[in-house]
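*Asks:* Fold the following for me, if possible:
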Amino acid sequence: MPHIAVPDGIPGIRSLFATRPAVAQALSLLADTLLHAPNTLSRGERELIAAYVSSLNTCTFCHRSHAAIASCHLGDEGTTVDAVVGDPERAPVSNKMKALLGIAARVQRGGQFVQDEHIARARREGATDNEIHDAVLIAAAFCMFNRYVDGLRAWTPDDLDGYRLRARHVAEHGYTAPASPVPTT
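*Replies:* Reported below is the predicted structural model:
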């Protein structure tokens with residue numbers, strides 16, 4: 001049960017957003033800028049970072065949501081996300097993504113864990129300053145999003161089909177588009 005009064009039947013962060021529309025607008029724009037707007041990292045790669053950090057933070061709602069969105073973009077039914085969560089160094093992603101995921105994991109632990117050698121590895125693998133910046137910011141933002149969702153104990157549905165349905169809508173329209181109806185069971 002959520003720690004605060006939220007509308008019934010609305011899962012996760014969307015229930016929290018329903019209670020604070022101004023917060024919803026700002027955070028949705030941040031998510032859209034980081035994950036959906038044009039970028040040299042693909043939408044799938046950026047969603048993969050979000051899903052990975054959410055997994056590290058054990059935020060089930062955010063992990064399921066962003067794993068489903070990443071899978072829509074990657075077109076692989078979750079195999080890449082599962083591989084990254086299991087062992088990012090052995091996952092079927094580029095060496096650049098492995099380096100960026102390594103940076104994201106360090107940000108998740110705390111920004112001071114990112115060291116010069118982690119940045120140097122990412123650069124050796126072809127990451128630009130903007131891509132390094134965005135990997136750090138996605139990781140940091142998802143630490144905040146994860147703590148927001150779990151800190152207020154937002155409802156986390158068990159039915160994975162609801163996540164997949166919402167994921168298709170977000171993958172196509174982004175985070176600032178009006179929400180599509182999502183089954184709540």
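*Asks:* how far away is residue 16 from residue 23?
*Replies:* 8 Å (Cβ to Cβ, to the nearest Å). For the C-beta atoms, the positions are set from N, CA and C on the backbone; glycine is no exception.
*Asks:* quick one: which of the two has more around it?
*Replies:* residue 16 (23 against 13; other Cβ atoms under 10 Å).
*Asks:* The more buried one contacts residue 5, doesn't it?
*Replies:* No: assessed by Cβ atoms under 8 Å, residue 16 is found out of contact with residue 5, at 10.9 Å.
*Asks:* Tell me how far the spatially closest residue to residue 157 that is not a sequence neighbour lies from residue 61.
*Replies:* Distances taken as Cβ to Cβ, 6 or more residues apart in numbering place residue 11 nearest to residue 157, at 5.0 Å, with adjacent residues excluded. Counting by Cβ to Cβ, the gap from residue 11 to residue 61 is 7 Å.
*Asks:* Overlap of the contact sets of those two?
*Replies:* Listed as contacting both residue 11 and residue 61 by Cβ atoms under 8 Å, 6 or more residues apart in numbering are 154, 156.
*Asks:* what are the ranges of the helices in the protein?
*Replies:* 12-19, 21-31, 43-56, 60-74, 79-86, 95-109, 116-124, 129-151, 160-173 (DSSP state H).
*Asks:* Need these in TSV (columns: distance to residue 1 and mean pLDDT).
*Replies:* Compiled in TSV, the helices of the chain are given as follows (distance: least, Cβ to Cβ, whole Å; pLDDT from 0 to 100):
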stretch	distance to residue 1	mean pLDDT
helix 12-19	12	95
helix 21-31	21	97
helix 43-56	22	98
helix 60-74	14	98
helix 79-86	28	98
helix 95-109	27	98
helix 116-124	40	98
helix 129-151	13	98
helix 160-173	19	93
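*Asks:* For the residue positioned nearest the centre of the chain, give me its contacts.
*Replies:* Taking Cα atoms, centre = their mean, the centroid of the chain lies closest to residue 50, which sits 2.4 Å from it. With Cβ under 8 Å, 6+ apart as the criterion, the residues that contact residue 50 are 34-35, 62, 66, 70, 138, 142.
*Asks:* Count the residues that sit near the nearest residue to it once chain neighbours are set aside.
*Replies:* Closest residue to residue 50 apart from its sequence neighbours, by Cβ to Cβ, 6+ apart: residue 66 at 4.1 Å. Neighbours of residue 66 under the rule other Cβ under 10 Å: 30.
*Asks:* where's residue 66 relative to residue 103, distance?
*Replies:* Distance from residue 66 to residue 103, by Cβ to Cβ: 17 Å.
*Asks:* Residue 152 too?
*Replies:* Per Cβ to Cβ, residue 152 is found 28 Å from residue 103.
*Asks:* the more surrounded of these two?
*Replies:* residue 103 (23 against 15).
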